[in-house]
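Student: based on what follows, work out the 3D shape:
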Amino acid sequence: MDKSKRPPLKSKRSFRRRLPPIQSGDRIDYRNISLISRFISEQGKILSRRVNRLTLKQQRLITIAIKQARILSLLPFRNNKKVERKGSIPRTTRLRTRTRNN
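Tutor: Got it, this is the predicted structure:
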């Protein structure tokens, strides 16, 4: 078969447009906790711009709002919930089993 007669190759990448995470009516403000909490990980870290799918300006505003909310105690600085991994030994048990060579 000739190269000119081959059907064009389809891209494996989907071109479905995703909806932006922040709508036009949403205000990025430290008081809007429901909006801000979507951009924080389970550990309490601010998610990156690539993960959030935000513009640079929106990411800056989100970061400032999160920091202001943390200072005003509307959001915790970190999440204290401990996530247990399967098959892991608790830290206290590991410390007790160590022996000292003194």
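Student: please make it C-alpha for all contacts and neighbour counts, starting now.
Tutor: Will do.
Student: show me what contacts Glu42?
Tutor: If a contact means CA atoms under 8 Å, 6 or more residues apart in numbering, then Glu42 has Asn79 as its contacts.
Student: shouldn't Thr63 be in contact with Ser48?
Tutor: No: if you go by CA atoms under 8 Å, Thr63 and Ser48 don't touch, sitting 9.8 Å apart.
Student: the more surrounded of the two?
Tutor: When Thr63 and Ser48 are compared for neighbours, Thr63 comes out ahead with 19 against 14, by other CA atoms under 10 Å.
Student: now that one, nearest residue through space, not along the chain?
Tutor: Excluding the flanking residues, the one nearest Thr63 by CA to CA, 6 or more residues apart in numbering is Ile46, at 7.2 Å.
Student: got the phi/psi numbers for the one you found?
Tutor: When quoted as degrees, to the nearest 10, the phi and psi of Ile46 stand at phi -80, psi 130.
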